[in-house]
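[1] next input, structure requested:
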Amino acid sequence: MNTDKSRKQFKQTLDYVSGYNELFHYNVKELLGSFIQDSFLKDLFNKNPSQLVDKGQLLIRKFGEAANPENFTLQAQAINIQPTTLSLIFFIALYVSSRSWNTFAIKYYMTFGDMGEIYESFEDGLDTSNNQSQNRITNTKSSR
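    Numbers count the residues shown, from 1 in each chain. As a prediction, this is how the structure comes out:
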């Protein structure tokens, strides 16, 4: 890759990443708000005895089997917190950060496209199992 082009791309990338913070914060706010809008938190912390809710199953339905509070029993005991609460905190943070990263990656790719040699130097360290934007990058490279 041409050194001048690489420097220009690097500066554009830095400008993009620096300016992304507003969109990131908006995205995080929207994702966290979705837990209120879809009544997930209300259902999870409902104190009405006539509407008993299996909180563990609610977490599993929302985040998958890994969110099962049984997976958090030892850690919860060590820090004196309910396993359900620890699972909730962990998976809300994981959900929001992974969705925010995915949004960033997609918008970055849409802005800069295939990064060519720059991208290839990072490619070996990426887990590409479920990343839609990564699949688009791979498909673009294979169509050359």
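
[2] so Ser87 is in contact with Phe72, correct?
    Yes - using C-beta atoms under 8 Å, Ser87 makes contact with Phe72 at a distance of 4.8 Å. In short, each C-beta sits where N, CA and C put it, glycine included.

[3] now the farthest one out in this structure, which residue is it?
    In the chain, the residue that sits farthest from the middle, by C-alpha atoms, centre = their mean, is Ser50; the gap is 35.3 Å.

[4] need the contact list for it.
    Shown in contact with Ser50 (C-beta atoms under 8 Å, 6 or more residues apart in numbering): no residues.

[5] buried ones in the host helix or strand of Lys62, by neighbour count?
    Here Lys62 sits within helix 55-63, counting by DSSP states H and E. Under the neighbour-count criterion of 16 or more other C-beta atoms under 10 Å, helix 55-63 has 55, 58-60, 62-63 buried.

[6] could you give the average pLDDT over it?
    Throughout helix 55-63, pLDDT has a mean value of 90.

[7] now do the SS call for Pro49.
    Look at Pro49: counting by DSSP: H, G, I helix; E, B strand; the rest coil, its state is coil.

[8] from here on, count from 22
    In the new count, where the first residue is 22, that last one comes out as Pro70.

[9] and it, how many residues sit next to it?
    Neighbours of Pro70 under the rule other C-beta atoms under 10 Å: 6.

[10] what do you get for the one 5 residues further on?
    Per other C-beta under 10 Å, the neighbour tally for Asp75 reads 9.

[11] could you measure from it over to Glu91?
    Distance, Asp75 to Glu91, by C-beta to C-beta, to the nearest Å: 12 Å.

[12] just the element for the most centrally placed residue in the chain, please.
    The centroid of the chain falls nearest to Ser119 when counting by C-alpha atoms, centre = their mean (0.8 Å). Using DSSP H and E, the element containing Ser119 is helix 104-133.

[13] before we move on, the earlier item: and the pLDDT at the residue nearest to the centre of the chain?
    pLDDT, Ser119: 88.

[14] got it, and the one 3 residues further on?
    For Trp122, the pLDDT comes out at 86.
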